[in-house]
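Q: quick one: sequence and predicted model below, then my questions.
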Amino acid sequence: MADDAYGVGIGWRPEISGFVAGLPGLRFAEVVAESVHAHGDLPEGLPQLLDRGVTVVPHGVRLSLGGAEPVEPERVTHLAAVAERLGAPLVSEHIAFVRAAGVEAGHLLPIPRSREAIDAVVANVARTRRELSVPIALEPIAALFDWPDNELSEADFLTEILDRTDALLLLDVANVYANARNRGEDPLELLGKLPLDRVAYVHVAGGAEHQGLYHDTHTDAVPRAVLDLVAELCARHRPPALMLERDGDYPPAGELRAELDAIAAASGYPAIT
Amino acid sequence: MEDTWGIPGPTFLIGYVIALIAIAVIAAVNRKALFRGDRNARVDDLGPQQIAYLNGGDRLAVYSSIGGLRAAGVLGTGAGKTLVQTGPVPSGVTPLDSAIHHAAGNQARTRYLLEDQWVRAALDDLRAGLERRGLAVSRDTVKQARMWAWATGALTLIGVLRLFAGIANDKPVEFLFILIGVAVLTTIVLARTKRVATTAAITGLRQLRVQHGYLAPQQSPAYATYGAAGAAMGVALFGAASLYAMDPAFAAEAEIQRIAAGGLAGGSSGTAGSCGSSSSCSGGSSCGGGGGCGGGGGCGG
């Protein structure tokens, strides 16, 4: 694993592309798939990153794999085309739905952990994989609420989806932390039940507490507890890549570098700053 | 009927057109040489305010400094749209930063900064340094380039005298009239020559804009991440639009002129003279080409 490990990466966003370009040790980044044209110009700054040999993985947010209806074919085609353009070794998407009956939620919404929902996800992942020439990694989302009709535990739900789709896991450590904390559970317990050898890479993001609930905001600093969870995860089974996912309210470069260094320290990978 | 001044009309018109074109071409060649600058001059070690000056003159240099000071959190706006200090001047700033920060201590308004003596002195130093390096066009050089307006002005005068003589002599003067118009236009273009950056600097700026493409306002750059230097550089390379992207409320309160910036951006071309300006100079000469067009008139004559 060590040979093809990427180490610490970062979510590439146009707002911080100059900062990302200035990370000397960077080998792994993720770009929001929907922000990349399948055939037009690549976003400013991305070609230089690819030229440097940085692996850039397209991360879909609008496929709605968890929707009851089939994924929209043109969205799948786009994701596949972007993966080819970037020469990405894999793509990723969420286990969530973003639209239902034509209504766009504008958010990633959690799906009930039921057999029926698993069937829908599995069918959609199969439809998506038919067009993809690379593997897909699935990311469970942070949920502020649980559906009342959950039949399975989170670990069983995810494991079954991964088994039946042969997909990889994109584990968001901050989500694990957020869900466990908001449900009053132990995040380590979930980690212990997940197939960690299937983790393609890991998201590390910040969050904040509001009115007793922990929100996975991606616009705040990464809390110590999340970094501790990263360390625990890596002690059990270190994934090939871990990346900082920051989506707004970008802090000064020094703070971003410190977060990347903290992830490097927690995971044991070399610092990329 | 005798030829006016003993020169037949068509002969005069053709001679007039040739003279007009000749002056325009020589002026264009001359200004190209005047504005060339030092081809080996480098721009990659310049600070944001120097780059801003080359890109948009005094005003953009001031805006770039304002952008840096604002990003550093030491500049704000007060009552009556004045600038105010919101913190002590950071260490390691440029003389222009100090001067603007000082002026903000006296509640100066942005538009009057260029009249502040310390700001003025800092800008003059900044420009002189750039002139020495062959990056900025000196005022004397601009004056020299404008000298050619005297030549076309003289031609205009000759044309006008001939026009009156022709009218007095009861000769047709329509084509001459058109040519005089062309000569007047050429004179105006030449006399209003403006140029801040040398051709060498413009080439360098173009590279810097590509290199720092992530600071373009359409990328919605995270100015907090890029810091004060990044904010100042964004304004320097992409105009006052960067200030509005960074802090719209402040930019509006501080009366940062977006239109001027737009004029600079499209006309970083125009005034400051990136490619657009140089082409608008050759626009002057192509105006002479318009004289050639009058040559068509000469044909008719």
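A: Cool, got the structure.

Q: CA only for contacts and neighbour counts going forward, please
A: Will do.

Q: so where's chain B shaky on pLDDT?
A: Across chain B, residues meeting the criterion (pLDDT under 70) sit at B:1, B:259-301.

Q: can you list the residues of it near chain A?
A: Counting by Cα under 8 Å from any Cα of the partner chain, the residues of chain B close to chain A are B:His212, B:Gly213, B:Tyr214, B:Leu215, B:Gln219, B:Ser220, B:Pro221, B:Ala222, B:Ala224, B:Thr225, B:Tyr226, B:Gly227.

Q: how does it look with 7 Å?
A: B:Gly213, B:Tyr214, B:Gln219, B:Ser220, B:Pro221, B:Ala222, B:Ala224, B:Thr225, B:Tyr226, B:Gly227 (Cα under 7 Å from any Cα of the partner chain).

Q: for the third one, give me its contacts.
A: Counting by Cα atoms under 7 Å, 6 or more residues apart in numbering or on different chains, B:Gln219 touches A:Pro14, A:Glu15.

Q: any idea how far it is from A:Ala88?
A: Plainly put, B:Gln219 is 23 Å away from A:Ala88 if you go by Cα to Cα, to the nearest Å.

Q: all the helices of chain B, residue numbers only.
A: For chain B, the helices defined by DSSP state H cover B:9-34, B:48-71, B:95-105, B:117-132, B:139-146, B:148-168, B:174-191, B:199-211, B:223-238, B:241-246, B:248-253, B:258-266, B:275-300.

Q: which of these is buried the deepest?
A: Mean neighbour count (mean count of other Cα atoms under 10 Å in any protein chain shown) peaks for helix B:48-71 among those, with a mean of 28.

Q: what helices or strands is that one leaning on?
A: Packed against helix B:48-71 by the contact rule (3 or more Cα pairs under 7 Å, 6 or more residues apart in numbering or on different chains; DSSP states H and E) you find helix B:223-238.

Q: pull the residues that contact the helix it packs on.
A: A:250-253, B:48-49, B:51-52, B:55, B:60-61, B:63-65, B:67-69, B:71-72, B:209, B:215-216, B:242-243, B:246, B:265.

Q: once you drop chain neighbours, what's closest to the closest residue to chain B within the stretch 1-150 of chain A?
A: Here the stretch 1-150 of chain A gets closest to chain B at one residue, A:Glu15, 4.2 Å apart by Cα to the nearest Cα. Spatial nearest neighbour of A:Glu15, excluding adjacent residues (Cα to Cα, 6 or more residues apart in numbering or on different chains): B:Pro221 at 4.2 Å.

Q: so that neighbour makes contact with B:Gly213?
A: No - applying Cα atoms under 7 Å, one finds B:Pro221 not in contact with B:Gly213, separated by 9.8 Å.

Q: if you count what's nearby, which of these two comes out ahead?
A: B:Pro221 (27 against 20; other Cα atoms under 10 Å in any protein chain shown).

Q: please name the residues that touch the residue lying closest to A:Ser64 once chain neighbours are set aside.
A: Nearest non-adjacent residue to A:Ser64, counting by Cα to Cα, 6+ apart: A:Phe97, 4.3 Å away. Counting by Cα under 7 Å, 6+ apart, A:Phe97 touches A:Ser64, A:Leu65, A:Gly66, A:Gly67, A:Leu108, A:Leu109, A:Pro110, A:Ile111.

Q: I figured the third one was touching A:Ile95, is that so?
A: Looking back up the chat, that one is A:Gly66. Yes - if you go by Cα under 7 Å, A:Gly66 and A:Ile95 touch, sitting 5.5 Å apart.

Q: looking at these two, which is more packed in?
A: Per other Cα under 10 Å, whichever of A:Gly66 and A:Ile95 has more neighbours is A:Gly66, with 29 against 25.

Q: now the residue lying closest to B:Ala19 once chain neighbours are set aside: how far from A:Gly9?
A: What sits nearest to B:Ala19 in space, not counting adjacent residues and going by Cα to Cα, 6+ apart, is B:Leu155, at 8.0 Å. Computed as Cα to Cα, the B:Leu155 to A:Gly9 distance reads 69 Å.

Q: from chain A, how far off is B:Ala104?
A: B:Ala104 sits 25 Å away from chain A, taking Cα to the nearest Cα, to the nearest Å as the criterion.

Q: what's the neighbour count on A:Glu245?
A: Look at A:Glu245: counted by other Cα under 10 Å, it has 23 neighbours.

Q: fine by me, thanks again.
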